[in-house]
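Chemist: Provided below for reference: sequence and predicted model.
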Amino acid sequence: MTLEELKQRLDLYEKLMRLDKPIGTLLLLWPTLWALWIATRGQPHWMLVWIFALGTLLMRSAGCVINDYADRDFDPHVERTRNRPLAARKVSVHEALTLAAVLIFCAFLLVLPIFREVWWLTLIALFLAASYPFTKRFFFLPQAYLGVAFGFGIPMAFAAATGEVGPLGWTLLLANIFWALAYDTEYAMVDREDDLKIGIHTSAITFGRFDVLAVMICYAAMLGILAAVGWDLRYGAGYFGGLVVAAAIAGYHYTLIRGRSREGSFAAFRHNNWLGAAIFAGIVAELNLRPWLTQ
C-alpha cells in the first residue's frame with residue numbers, strides 16, 4: 001500500500017468515525033462534564049476530566065462505526081447518508097468491525113485506573129451504544145434509548161468521582177433523556193421522508209404533526225428537571241443564569257424547526273452544542289466563579 005493509498009484509507013476511517021463531524025461527541029461530552037463538576041462540587045481531578053473527554057471521543061466514534069454497520073443496507077436509500085463509507089461500500093464490514101473493536105478496547109483501557117464500579121458501568125454503556133442502532137427496527141421512540149446511551153457518562157462520572165451514582169446522578173440522566181429526545185427528534189425530522197420509505201422508526205415519525213410541540217415539551221422537561229436539581233442543591237444565580245440562556249436557545253430552536261424544513265431542523269440539531277455549553281457555563285459560574293467573586 002502506497003502512502004497515498006494509506007492516506008485515503010485513513011480518511012475513510014475518519015469519516016466512518018465521524019471525526020469530521022464533532023457535534024455528536026460534544027452532545028455526549030457536555031452532560032458528562034455537568035456530572036463531573038456537580039459530583040465534585042466544581043473540583044474534578046484533571047485526570048478524570050481527560051479520561052472522560054477522551055473516552056467520550058472513543059465511544060462516540062465506536063458507536064458511529066457500529067451504527068453504520070447496522071444501517072449499511074438502509075443508508076444507501078437515505079439522501080443524507082448514502083455516501084457514508086460503509087453505505088458506499090468503500091470500507092468493508094471486516095474493516096469496520098475491526099475498527100470498532102480497537103476503539104472499544106482503547107476506551108476500556110482508559111477506565112482501568114478508575115473505581116471498579118465504573119468498569120461494570122462501562123460494559124452497560126458499551127451494550128447501549130452497540131444496541132441503539134437496532135432499536136430503530138422495533139422501538140417507536142429510539143431517541144429515548146439514545147438519551148440513555150448518550151447520557152451514560154453521567155452515572156459513570158458520579159461513580160468515578162464519588163464511588164457511587166446516587167439519586168442525583170440518575171436524575172441528571174433523566175434530564176439528558178429528554179434533551180436527547182428533543183435534539184434527536186430535530187435530527188430525525190431531516191430524514192423523515194426517507195425513513196418512512198425504508199420502514200424504520202423514529203420519534204419524528206411517531207410524533208407526527210405534533211413533532212414540534214413534542215420537541216419543545218422535551219426541552220421544557222429537561223430544563224425543569226435541571227432547575228429542580230439546582231433548587232435542591234441550593235445553587236444560585238450562576239447556575240440558573242445558565243438555564244435561562246439555555247431556555248432562550250431552545251426558544252430559538254423553535255423558530256428553526258416550526259417550518260419543518262430539512263435545513264432548519266438540521267441547524268437546530270447542531271445548535272444544541274451551545275445549549276449544552278450554556279448549562280455547563282452556568283455550573284462553572286456557580287461552583288467555581290461565584291465563590292471567588294463573593295470572597
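Modeler: It's in. Every value quoted in this text rests on a predicted model; they were computed, and no experiment measured them.

Chemist: Show me how far the helix or strand harbouring residue 32 is from its chain's centre.
Modeler: Element membership of residue 32 [criterion: DSSP states H and E] is helix 23-39. Distance of helix 23-39 from the chain centroid (Cα atoms, centre = their mean, to the nearest Å) equals 9 Å.

Chemist: Run a quick neighbour tally on the spatially closest residue to residue 121 that is not a sequence neighbour.
Modeler: Once flanking residues are discounted, residue 121 sits nearest to residue 156: 4.8 Å by Cβ to Cβ, 6 or more residues apart in numbering. C-beta here means a position set from N, CA and C on the backbone, and glycine is covered the same way. Neighbour count for residue 156, taken as other Cβ atoms under 10 Å: 29.

Chemist: Residue 217 now?
Modeler: So residue 217, with other Cβ under 10 Å, has 15 neighbours.

Chemist: can you tell me how far it sits from residue 30?
Modeler: 21 Å (Cβ to Cβ, to the nearest Å).

Chemist: re the thing from before, buried stuff in the helix or strand just after the helix holding residue 32?
Modeler: Toward the C-terminus, helix 23-39 is succeeded by helix 46-70 as the next helix or strand (DSSP H and E). Neighbour counts using 16 or more other Cβ atoms under 10 Å place 48-49, 51-53, 55-70 of helix 46-70 among the buried residues.

Chemist: if we look at the helix or strand that comes right after helix 46-70, which residues are touching it?
Modeler: Sequence order places helix 93-111 as the next helix or strand after helix 46-70, per DSSP H and E. Helix 93-111 has contacts (Cβ atoms under 8 Å, 6 or more residues apart in numbering) with 13, 16-17, 51, 54-55, 58-59, 61-62, 65-66, 68-69, 72, 85-86, 118-119, 122, 126, 156, 160.

Chemist: And stretch 234-251, by the same measure?
Modeler: Residues contacting stretch 234-251 (Cβ under 8 Å, 6+ apart): 182, 216, 219-220, 223, 226-227, 230, 271, 274-275, 278-287, 289-290.

Chemist: orientation of the helix or strand hosting the residue nearest to residue 121 relative to helix 23-39 in degrees?
Modeler: Using DSSP H and E, residue 156 maps to helix 153-162. Interaxial angle, helix 153-162 versus helix 23-39 (axes from the mean of the first three to the mean of the last three Cα atoms, to 10 degrees): 40 degrees.

Chemist: how much does helix 153-162 deviate in direction from helix 46-70?
Modeler: Using the same axes, to 10 degrees: helix 153-162 against helix 46-70 is 150 degrees.

Chemist: which helices and strands sit right next to helix 153-162?
Modeler: helix 23-39, helix 46-70, helix 116-135, helix 166-190 (3 or more Cβ pairs under 8 Å, 6 or more residues apart in numbering; DSSP states H and E).

Chemist: Low-confidence regions, the stretch 51-200 of the chain specifically.
Modeler: Within the stretch 51-200 of the chain, the segments meeting pLDDT under 70 span 115.

Chemist: In whatever helix or strand residue 250 lives in, which residues are buried?
Modeler: Here residue 250, judged by DSSP H and E, is contained in helix 237-257. Residues 238-240, 242-243, 245-247, 249-250, 253, 256-257 are the ones in helix 237-257 that count as buried (16+ other Cβ under 10 Å).

Chemist: Convert it to PDB, retaining C-alpha atoms only.
Modeler: What follows is helix 237-257, C-alpha atoms only, in PDB (Å, rounded to 0.1, in the frame of the first residue of the first chain):
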ATOM      1  CA  ALA A 237     -27.700  33.000  40.100                       C
ATOM      2  CA  GLY A 238     -24.800  31.500  38.200                       C
ATOM      3  CA  TYR A 239     -26.500  28.100  37.700                       C
ATOM      4  CA  PHE A 240     -29.900  29.500  37.000                       C
ATOM      5  CA  GLY A 241     -28.500  32.100  34.700                       C
ATOM      6  CA  GLY A 242     -27.100  29.200  32.600                       C
ATOM      7  CA  LEU A 243     -30.500  27.600  32.500                       C
ATOM      8  CA  VAL A 244     -32.100  30.900  31.400                       C
ATOM      9  CA  VAL A 245     -29.600  31.200  28.500                       C
ATOM     10  CA  ALA A 246     -30.300  27.500  27.600                       C
ATOM     11  CA  ALA A 247     -34.100  28.200  27.600                       C
ATOM     12  CA  ALA A 248     -33.500  31.200  25.200                       C
ATOM     13  CA  ILE A 249     -31.600  28.900  22.900                       C
ATOM     14  CA  ALA A 250     -34.400  26.300  23.000                       C
ATOM     15  CA  GLY A 251     -36.800  29.100  22.100                       C
ATOM     16  CA  TYR A 252     -34.600  30.000  19.100                       C
ATOM     17  CA  HIS A 253     -34.700  26.300  18.000                       C
ATOM     18  CA  TYR A 254     -38.500  26.700  17.800                       C
ATOM     19  CA  THR A 255     -38.000  29.300  15.100                       C
ATOM     20  CA  LEU A 256     -35.800  27.000  13.200                       C
ATOM     21  CA  ILE A 257     -38.000  23.900  13.300                       C
END
